[in-house]
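S.K.: Turn this into a structure:
(one chain, ligands or ions: 2)
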Amino acid sequence: MSMIAAFYGGKSILITGATGFLGKVLMEKLFRTSPDLKVIYVLVRPKQGQTLQQRVFQILDSKLFEKVKEVCPNVHEKIRAISADLNQNDFAISKEDMQELLSHTNIVFHCAATVRFDDHLRHAVQLNVTATQQLLLMASQMPKLEAFIHISTAFSNCNLKHIDEVVYPCPVEPKKIIDSMEWLDDAIIDEITPKLIGDRPNTYTYTKALGEVVVQQEGGNLNIAIIRPSIVGATWQEPFPGWVDNLNGPSGLIIAAGKGFLRSIRATPMAVADLIPADTVVNLTLAVGWYTAVHRPKSTLVYHCTSGNLNPCNWGKMGLQVLATFEKIPFERAFRRPNADFTTNNITTHYWNAVSHRAPAIIYDFYLRLTGRKPRMTKLMNRLLRTLSMVEYFINRSWEWSTYNTEMLMSALSPEDQRVFNFDVRQLNWLEYIENYVLGVKKYLLKEDMAGIPEAKQHLKRLRNIHYLFNTALFLIAWRLLIARSQVARNVWFFIM
Ligand SMILES: CCCCCCCCCCCCCCCCCCCCCCCCCCCCCC(=O)SCCNC(=O)CCNC(=O)[C@H](O)C(C)(C)COP(=O)(O)OP(=O)(O)OC[C@H]1O[C@@H](n2cnc3c(N)ncnc32)[C@H](O)[C@@H]1OP(=O)(O)O
Ligand SMILES: NC(=O)C1=CN([C@@H]2O[C@H](COP(=O)(O)OP(=O)(O)OC[C@H]3O[C@@H](n4cnc5c(N)ncnc54)[C@H](OP(=O)(O)O)[C@@H]3O)[C@@H](O)[C@H]2O)C=CC1
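M.R.: Numbers count the residues shown, from 1 in each chain. Ligands and ions are numbered 1, 2, ... in the order given. Below you'll find the model as predicted:
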């Protein structure tokens, strides 16, 4: 019997960010392995005209939860959606709901965050720092609380090369930053943002680092742990391989490459691609929740959930495998044949951006205009180039994350728990994982049917023929011009003829 699964039985668990990518996988695993848990409280905001209940039920009724329904048929009764906006005071939770949360919660998993790299500092501080502070305050009023698990990111200290499992201090105290956000206007915040984030690339990594300091400083006597995943990718094994439901991290770029929009990407092929599957992160998170509650470590432990030091894969290998998978499992209605490549310097990046990204988009938009349709490719391409510029920092560097605590925890688990809550990334076969990832992107993100593969292959063949035809025409025009201007070319031509 799994000790971890048994531990969550009968527990009341509070999850923030449950409607997000990681939150959904966390809930799924909890319900599947501990169907006798008492309740999961989820803090949700109404969105896109849906009520809370509709949002949550839509998740429970999705494919991700198919296995849960078999082991926990009354899953709908075990989830309690609480209306909350983490940007508001007291999260805008009603008094009754707050009372219920405070008096019953045993475990808190804090996953909610803004993960946008370009978020305004005020908003990123509000969600990634102030909300964390408020949640800790709430947690300190929960008499039955056994553990508080905070999800951070392995890149919170990406300004360092070697990163240990410790919370690093920030030059400006989080409290001062929180205070200043209340009275500074947006223009001044914009001006000081580069100075505050310093050698970090964006407000996301900066505010996640501040959030960790807040957890450490204001955790009081709570049993707290911090988990730092690297780049979270599709699921590896559970509940099935390749599940993914948003465009963050590599997923959006896999689509762009598979549809033929992405032709070149500035990346260092030998740099470590520190991806970590979502189910691995969730297994570690649940194991940490159990360990923190049962063993009550004296200090706040930080756990790195990374792959680079245990089972490294680089961007070159990953890119090649992504392209190889497109051969077998192409995406439908591609714009061009998938044929992306890496560039390594500014000049070639600008060149290929102009020739392979902007020019085809302009030509295609011209064609759309001619045929009376609305141009859209230039806009899409600009968005892609913006995304590329945002991720460049992360795909041209390697980091070393120590994993002492994570390895210590692995050895503290029973063989059964090591199996049920497997977070040993050494067992991961990258080529298989990447193939399943691309397949998952096709099935769950693009919602494409596998039955459409023959037609997608036909379409790629047509694109290849158009490509050959286009190149031949281009060659003939160039040759004709050359013959008109050069005696040597004319002689060669007569000789051939
Ligand atoms: C040895 C030799 C070898 C040679 C080998 C050669 C082979 C070459 C092969 C080439 C390979 C091809 C395959 C490519 C795959 C591999 C490469 C992968 C690189 C992956 C890099 C990932 C790095 C991530 C690093 C993360 C570090 C931190 C991790 C974390 O902790 S947080 C999680 C990460 N967070 C994010 O990813 C968020 C990023 N997103 C943003 O910040 C923003 O969305 C934005 C990108 C700035 C865009 O903002 P906008 O305001 O412009 O857009 P908005 O968000 O409002 O969305 C508008 C519409 O755009 C859609 N969209 C959003 N995000 C993306 C996206 N990433 N890609 C595409 N489209 C996106 C969105 O859905 C909206 O659409 P609409 O609703 O229809 O309007
Ligand atoms: N994805 C990744 O690659 C990595 C993620 N992480 C960390 O993992 C955690 C989860 O990330 P991930 O699941 O990918 O992120 P998502 O963007 O998928 O999910 C974010 C969640 O936060 C919720 N949220 C955002 N703003 C509010 C708000 N004002 N009030 C209530 N809820 C809000 C969202 O709710 P809603 O659905 O309403 O928008 C959503 O449930 C984050 O802490 C992130 O920093 C760390 C490393 C890598």
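
S.K.: quick one: low-confidence ranges for this protein?
M.R.: Low-confidence segments of the chain (pLDDT under 70): none present.

S.K.: Get me the contact residues on it for ligand 1.
M.R.: For the chain, the residues in contact with ligand 1 (C-beta under 6 Å from any ligand atom) are 115-118, 153, 155, 231, 247-250, 252-254, 257, 265, 269, 316, 318-320, 322-323, 340-342, 383, 386-387, 390-391, 394-395. In this view, the C-beta of every residue, glycine as well, is placed from N, C-alpha and C.

S.K.: Do a quick rundown of the helices in the stretch 51-200 of the chain.
M.R.: 52-60, 66-71, 95-104, 121-125, 131-140, 174-183, 186-197 (DSSP state H, counting those that start in this stretch).

S.K.: now swap in the stretch 351-497 of the chain and tell me
M.R.: 359-370, 377-395, 404-412, 415-420, 430-440, 453-485, 487-496.

S.K.: In a markdown table: those helices, plus mean neighbour count.
M.R.: Compiled in a markdown table, these are given as follows (neighbours: other C-beta atoms under 10 Å):
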| stretch | mean neighbour count |
| --- | --- |
| helix 359-370 | 14 |
| helix 377-395 | 17 |
| helix 404-412 | 16 |
| helix 415-420 | 15 |
| helix 430-440 | 21 |
| helix 453-485 | 12 |
| helix 487-496 | 11 |
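
S.K.: of all those, which lies closest to Pro312?
M.R.: Closest approach to Pro312 among those is made by helix 430-440 (9.1 Å; C-beta to C-beta).

S.K.: quick one: contacts for Glu416?
M.R.: Neighbouring residues of Glu416 by C-beta atoms under 8 Å, 6 or more residues apart in numbering: 1-3.

S.K.: picking up where we left off before, of the helices of the stretch 51-200 of the chain, flag the one that's most buried.
M.R.: helix 121-125 (a mean of 22; mean count of other C-beta atoms under 10 Å).

S.K.: what's around Ile276, how many residues?
M.R.: Ile276 has 24 neighbours, counted by other C-beta atoms under 10 Å.

S.K.: Any idea how many residues pack against Trp399?
M.R.: 20.

S.K.: In the protein, what residue lies closest to ligand 2?
M.R.: Gly20 (2.0 Å; C-beta to the nearest ligand atom).

S.K.: Name the nearest residue to that residue, sequence neighbours excluded.
M.R.: Cys111 (6.2 Å; C-beta to C-beta, 6 or more residues apart in numbering).

S.K.: about what we covered before: ligand 2 next: which of the contacts of Glu416 are close?
M.R.: Within the contacts of Glu416, nothing lies near ligand 2 by C-beta under 6 Å from any ligand atom.

S.K.: out of the residues you listed, which is most surrounded?
M.R.: Result: Ser2 is most packed of the contacts of Glu416 (other C-beta under 10 Å), 19 neighbours.

S.K.: tell me which parts of this protein are close to ligand 2?
M.R.: 17, 19-23, 43, 45, 47, 84-87, 111-113, 115, 127, 151, 153, 208, 229, 231-232, 246, 248-249.

S.K.: about what we covered before: in helices, which of the contacts of Glu416 fall?
M.R.: Mapping the contacts of Glu416 onto helices (DSSP state H) picks out Met3.

S.K.: if we take the contacts of Glu416, which one ends up nearest to Phe65?
M.R.: Ser2 (20.1 Å).

S.K.: excluding its backbone neighbours, what's nearest the closest one?
M.R.: Val420 (4.6 Å).

S.K.: for the one you found, what are its contacts?
M.R.: So Val420 contacts 2, 4-5, 33 (C-beta under 8 Å, 6+ apart).

S.K.: Make JSON lines from the contacts of Glu416 and add distance to Asp424 to it.
M.R.: Converted to JSON lines, the contacts of Glu416 look like this (distance: C-beta to C-beta, whole Å):
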{"residue": "Met1", "distance to Asp424": "20"}
{"residue": "Ser2", "distance to Asp424": "16"}
{"residue": "Met3", "distance to Asp424": "17"}
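
S.K.: Closest to Asn471 out of the contacts of Glu416?
M.R.: For the contacts of Glu416, the nearest to Asn471 is Ser2 (59.3 Å; C-beta to C-beta).

S.K.: sorry, back to before: adding distance to Phe495, write the helices of the stretch 51-200 of the chain out as a markdown table.
M.R.: What follows is the helices of the stretch 51-200 of the chain, written out as a markdown table (distance: least, C-beta to C-beta, whole Å):
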| stretch | distance to Phe495 |
| --- | --- |
| helix 52-60 | 71 |
| helix 66-71 | 70 |
| helix 95-104 | 87 |
| helix 121-125 | 68 |
| helix 131-140 | 77 |
| helix 174-183 | 75 |
| helix 186-197 | 63 |
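
S.K.: between these, which one is nearest to Thr285?
M.R.: helix 131-140 (16.0 Å).

S.K.: what angle do that closest one and helix 95-104 make?
M.R.: Per axes from the mean of the first three to the mean of the last three C-alpha atoms, to 10 degrees, the angle that helix 131-140 makes with helix 95-104 is 70 degrees.

S.K.: Which elements pack onto helix 131-140?
M.R.: When contacts are defined as 3 or more C-beta pairs under 8 Å, 6 or more residues apart in numbering; DSSP states H and E, helix 131-140 sits against helix 95-104, strand 107-110, strand 147-151, helix 203-218.

S.K.: Please repeat the previous calculation with a cut-off of 7 Å.
M.R.: strand 107-110, helix 203-218 (3 or more C-beta pairs under 7 Å, 6 or more residues apart in numbering; DSSP states H and E).

S.K.: Other residues contacting the shortest one?
M.R.: Counting by C-beta atoms under 7 Å, 6 or more residues apart in numbering, the neighbours of strand 107-110 from elsewhere in the structure are 11, 13-16, 26, 132, 135, 139, 145-151, 285, 289, 293.

S.K.: okay, stretch 376-391 in PDB with CA atoms only?
M.R.: Extracted in PDB, the C-alpha atoms of stretch 376-391 (Å, rounded to 0.1, in the frame of the first residue of the first chain):
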ATOM      1  CA  ARG A 376      -3.400  37.400 -41.000                       C
ATOM      2  CA  MET A 377       0.000  35.900 -41.500                       C
ATOM      3  CA  THR A 378       2.100  39.000 -40.800                       C
ATOM      4  CA  LYS A 379       0.300  39.400 -37.400                       C
ATOM      5  CA  LEU A 380       0.900  35.700 -36.600                       C
ATOM      6  CA  MET A 381       4.500  35.900 -37.600                       C
ATOM      7  CA  ASN A 382       5.100  39.000 -35.500                       C
ATOM      8  CA  ARG A 383       3.700  37.100 -32.500                       C
ATOM      9  CA  LEU A 384       5.900  34.200 -33.200                       C
ATOM     10  CA  LEU A 385       9.000  36.400 -33.500                       C
ATOM     11  CA  ARG A 386       8.100  38.100 -30.200                       C
ATOM     12  CA  THR A 387       7.700  34.700 -28.500                       C
ATOM     13  CA  LEU A 388      11.100  33.600 -29.900                       C
ATOM     14  CA  SER A 389      12.800  36.700 -28.600                       C
ATOM     15  CA  MET A 390      11.300  36.000 -25.100                       C
ATOM     16  CA  VAL A 391      12.500  32.400 -25.000                       C
END
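
S.K.: Setting aside sequence neighbours, what's the nearest residue to the residue of the chain found nearest ligand 1?
M.R.: Proximity of the chain to ligand 1 (C-beta to the nearest ligand atom) peaks at Gly252, 2.2 Å away. Using C-beta to C-beta, 6+ apart and skipping residues adjacent in sequence, the residue nearest Gly252 is Thr387, 6.4 Å away.
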